[in-house]
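Student: here is my input; please provide its structure:
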Amino acid sequence: MRVATWNVNGLRARLDFVLHWLRDRRPDVVGLQELKLADEQFPHEVFAQEGYRAAVHGQKSWNGVAVLSREEAAVTRRGLPGEEEFGARLLTVDVGGISFTTVYAPNGKSIEHADYPRKLRWLESLRAHFDSAHDPSGPVVLCGDFNVVPRPIDGWNEELHAGLIFHSEDERRRYRAVLDWGFSDLFREFYPDERKFSWWDYRGGAFHLKRGLRIDFLLGAQAVVKRLKSVEIDREYRKKKAGLTASDHAPVIADIE
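Tutor: Numbers count the residues shown, from 1 in each chain. Okay, here's the model as predicted:
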């Protein structure tokens, strides 16, 4: 089974690019984030033509998550309990014998902004949700854009950014609490010490200068880690393809036996 996560930064603007990637990489299950469209605007028919069914938790103009899958998926949760006012940011399905959750964590804007403590609370709620609704001994995958740089190696310049948004210890501590539920970072299972990124600012030539952040994760419980065959950040799909403009995030892909 090939699973993936991708913040598409607006599905309507990126639809043809996403289809190009699907045809090229052929994933079985994909968690999408930042759709920026309502449920009724989701292009189910377009994905069906490519062999994918879609479960959607959308929101007009903002946020929004979805799961694309080749097999029928059963939705078990739309929205993070207690955090509905922060938008459409969590969707869980059962598919292919695994519980698969995609999330789009709040940005927080800056550590001085009112959204920052709300982001911290959202991450706490995520851990509490998994405590109450999931079994760490089972085949569980949690993926998405967490808007947290877990360690200095996951950013291009820790000295410049230490203590700022995405890099604060409060964010990192709450992210570690999510991991401590029973998850492993699948990328780090294969690359414990490599500096690779999943997001680059559109501005200032950041992609070509290798000034990025690793904020997009595939997390797996131990039942998944035991079956892990490969994982990669699909940097090629942060580049333009066939004249189409990429998202500012790259997909992350894992193959599970």
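Student: strands of the stretch 51-200 of the chain, start to end?
Tutor: Remark: strands assigned in the stretch 51-200 of the chain by DSSP state E, counting those that start in this stretch are 53-57, 65-69, 74-78, 90-95, 98-104, 140-145, 183-185, 199-200.
Student: how much space between V141 and H208?
Tutor: For V141, the distance to H208 equals 32 Å [CB to CB, to the nearest Å]. To be clear about C-beta, it is placed using only N, CA and C from the backbone, and glycine gets the same treatment.
Student: compare those two (neighbour count), which wins?
Tutor: The neighbour comparison of V141 against H208 (other CB atoms under 10 Å) goes to V141, with 26 against 9.
Student: secondary structure class for the residue nearest to L186 when sequence neighbours are not counted?
Tutor: Distances taken as CB to CB, 6 or more residues apart in numbering put L218 closest to L186, at 4.4 Å, once the chain neighbours are dropped. For L218, the secondary-structure state derived from DSSP: H, G, I helix; E, B strand; the rest coil is strand.
Student: cool, I253 as well?
Tutor: Per three-state DSSP, I253 ends up strand.
Student: so what's the backbone phi/psi at A48?
Tutor: With angles defined as degrees, to the nearest 10, A48 sits at phi -60, psi -40.
Student: do V231 as well
Tutor: Dihedral pair for V231: phi -150, psi 140, per degrees, to the nearest 10.
Student: can you read off the pLDDT for it?
Tutor: In the predicted model, V231 carries a pLDDT score of 98.
Student: number of nearby residues for it?
Tutor: Using other CB under 10 Å, V231 is surrounded by 21 other residues.
Student: for it, which residues make a bridge with it?
Tutor: Taking DSSP bridges as the rule, V231 bridges to A254.
Student: residue contacts, it?
Tutor: By CB atoms under 8 Å, 6 or more residues apart in numbering, V231 lies in contact with 186-187, 189-191, 218, 252-255.
Student: which of those residues count as buried?
Tutor: 186-187, 218, 252-255 (16 or more other CB atoms under 10 Å).
Student: please enumerate the helices of the stretch 51-200 of the chain.
Tutor: Applying DSSP state H, counting those that start in this stretch to the stretch 51-200 of the chain gives helices spanning 115-133, 158-161, 169-180, 186-190.
Student: out of these, which is the most enclosed?
Tutor: Most buried of those, by mean neighbour count (mean count of other CB atoms under 10 Å): helix 186-190, with a mean of 19.
Student: that one packs against which elements?
Tutor: Packed against helix 186-190 by the contact rule (3 or more CB pairs under 8 Å, 6 or more residues apart in numbering; DSSP states H and E) you find strand 216-221, helix 222-225, strand 228-233.
Student: ok, and what's touching that helix?
Tutor: By CB under 8 Å, 6+ apart, the residues outside helix 186-190 that reach it are 196, 214, 217-220, 224-225, 228, 230-231, 233, 252, 254.
Student: where does this protein have low pLDDT?
Tutor: Nowhere does the chain drop to pLDDT under 70.
Student: how much space between the residue located most distally from the centre of it and H167?
Tutor: What lies farthest from the middle of the chain is E159; by CA atoms, centre = their mean that is 25.7 Å. The gap separating E159 from H167 is 10 Å, by CB to CB.
Student: next: G243.
Tutor: Distance, G243 to H167, using CB to CB: 35 Å.
Student: same thing with Y191?
Tutor: Distance from Y191 to H167, by CB to CB: 20 Å.
Student: next: R235.
Tutor: Computed with CB to CB, the distance linking R235 and H167 is 22 Å.
Student: so which of those two has more stuff around it?
Tutor: Shown here are R235 and H167; by other CB under 10 Å, H167 has more neighbours (22 against 15).
Student: just to check, the more buried one is in contact with H161?
Tutor: Yes: when contacts are counted by CB atoms under 8 Å, H167 is listed as touching H161 (4.5 Å).
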